[in-house]
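Peer 1: Structure here, sequence nowhere to be found:
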């Protein structure tokens, strides 16, 4: 199946920047959408941003103008550039891949939506 491995989280001061990366591995032929969600303590998981294989992007209202999502289809990797970080951005960030088409031994088949294990982002003085 598909494995998603995130990296790039950490501690940053308000106003600072971080870049998250998420690489998908497995017998992947294509992934329609890749994205980032986050979950803060005591809150529901929410969409941060996602991007289709064609480059169409969608952002949560709270991050518009500050975060930028991009992807490298050849590497099955998605990135999240986070600028002007605020304390309220503190959360565990999860990578998601959806619309996955696998290829193995001459056959194509779809795979369930996949999630990474999460990377923690803390914005604090």
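Peer 2: Arrived safely, thanks for sending. All of these numbers come straight from a predicted model, not from anything done at the bench.

Peer 1: List the buried residues for stretch 45-52?
Peer 2: 47, 48, 49, 50, 51, 52 (16 or more other Cβ atoms under 10 Å). All C-beta atoms are positioned from the backbone trio N, CA, C, and that covers glycine.

Peer 1: got the contact list for that stretch?
Peer 2: In this structure, residues lying in contact with stretch 45-52 by Cβ atoms under 8 Å, 6 or more residues apart in numbering are 32-39, 57-60, 63, 67, 69-71, 78, 80, 93-94, 96.

Peer 1: for the protein, longest strand please?
Peer 2: If you go by DSSP state E, the chain has its longest strand at strand 91-104.

Peer 1: and the angle from the one helix or strand in the chain whose mean pLDDT sits lowest to strand 91-104?
Peer 2: When the helices and strands of the chain are scored by mean pLDDT, DSSP states H and E, strand 107-111 comes last with a mean of 92. Computed by axes from the mean of the first three to the mean of the last three Cα atoms, to 10 degrees, the angle separating strand 107-111 from strand 91-104 equals 160 degrees.

Peer 1: can you give me the offset of stretch 115-125 from its chain's centre?
Peer 2: 11 Å (Cα atoms, centre = their mean, to the nearest Å).

Peer 1: List the buried residues of stretch 55-66.
Peer 2: Applying a neighbour-count criterion of 16+ other Cβ under 10 Å, one finds 59, 63 buried in stretch 55-66.

Peer 1: Compute the first-to-last residue distance for it.
Peer 2: Stretch 55-66 has an end-to-end distance of 18 Å (criterion: Cα to Cα, to the nearest Å).

Peer 1: For the helix or strand that contains residue 68, which strands pair with it and how are they oriented?
Peer 2: Assigned by DSSP states H and E, residue 68 belongs to strand 67-72. Looking at strand 67-72 with DSSP bridges, its partner strands are strand 77-82 (antiparallel).

Peer 1: which residues sit against the strand it pairs with?
Peer 2: For strand 77-82, contacts defined as Cβ under 8 Å, 6+ apart pick out 17-24, 34-36, 48-49, 51, 63, 66-72, 89, 93, 95, 121.

Peer 1: I am finished for the moment; much appreciated.
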